[in-house]
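Peer 1: Sequence and predicted model, in that order:
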Amino acid sequence: LRAPEMAHGGCHPQPGDLIEIDRPYYQHWALYVGDGYVINVTPVDEGAPSFSVSTTSIFTRKAKVKKQLLKEVVGNNKWRVNNKYDRSRTPLPVDEIIRRAERWIDREVTYDVVGSNCEHFVTELRYGEGVSDQVS
């Protein structure tokens with residue numbers, strides 16, 4: 001039996017699935033790796049008071065790749081499985097997606113809203129190529 005929060009909106013993610021999370025003002029993306037866990041990019045200064053953040057760091061800042069429980073990442077936001085790029089790209093084999101993802105855990109990456117955001121990160125893992133509709 002699945003936990004009720006896993007069944008939200010009829011979503012039953014499979015390992016390797018891309019998870020789209022509705023945040024205020026933007027979509028956050030994570031990669032489902034199984035057992036309720038996702039891997040996602042989290043800005044290091046998230047939660048810091050915004051007045052201390054210079055304009056440049058909004059666009060380029062340090063971020064960390066974390067493995068977290070999907071329900072913790074989602075919080076009260078809505079989420080769905082969204083492998084929308086499968087129409088135009090072929091996903092890598094699931095075990096390869098997971099292996100690639102796990103290599104990144106706890107590594108620091110440069111987060112840049114336009115060039116390498118959370119969606120680029122997960123699509124790179126799933127397809128071997130980073131893509132993001134949010135930017136184009």
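Peer 2: All right, it came through fine.
Peer 1: Going along the chain from the helix or strand bottoming out on mean pLDDT in the chain, find the next helix or strand for me.
Peer 2: Lowest on mean pLDDT, DSSP states H and E among the helices and strands of the chain sits helix 55-59, with a mean of 50. Tracing the chain past helix 55-59, the next element assigned as helix or strand by DSSP states H and E is strand 60-69.
Peer 1: after that next one comes which helix or strand?
Peer 2: Counting by DSSP H and E, the element after strand 60-69 in chain order, helix or strand, is helix 70-74.
Peer 1: May I have that following helix as CSV, with CA atoms only?
Peer 2: Once side chains and other backbone atoms are set aside, the C-alpha atoms of helix 70-74 remain, and they are given as CSV (Å, rounded to 0.1, in the frame of the first residue of the first chain):
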residue,chain,number,x,y,z
LEU,A,70,10.0,13.5,-2.2
LYS,A,71,7.4,14.6,0.4
GLU,A,72,9.9,16.8,2.2
VAL,A,73,10.9,18.5,-1.1
VAL,A,74,7.3,19.0,-2.1
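Peer 1: Give me the mean pLDDT for that helix.
Peer 2: The average of the pLDDT scores along helix 70-74 is 96.
Peer 1: likewise stretch 96-115?
Peer 2: In this model, stretch 96-115 has a mean pLDDT of 88.
Peer 1: which residues are in contact with it?
Peer 2: Stretch 96-115 is contacted from outside by 15-16, 31, 33-34, 39, 41, 43-44, 58-67, 91-92, 116-118, 121, 125-126, 135, using C-beta atoms under 8 Å, 6 or more residues apart in numbering. From N, CA and C alone the C-beta is placed, and that goes for glycine too.
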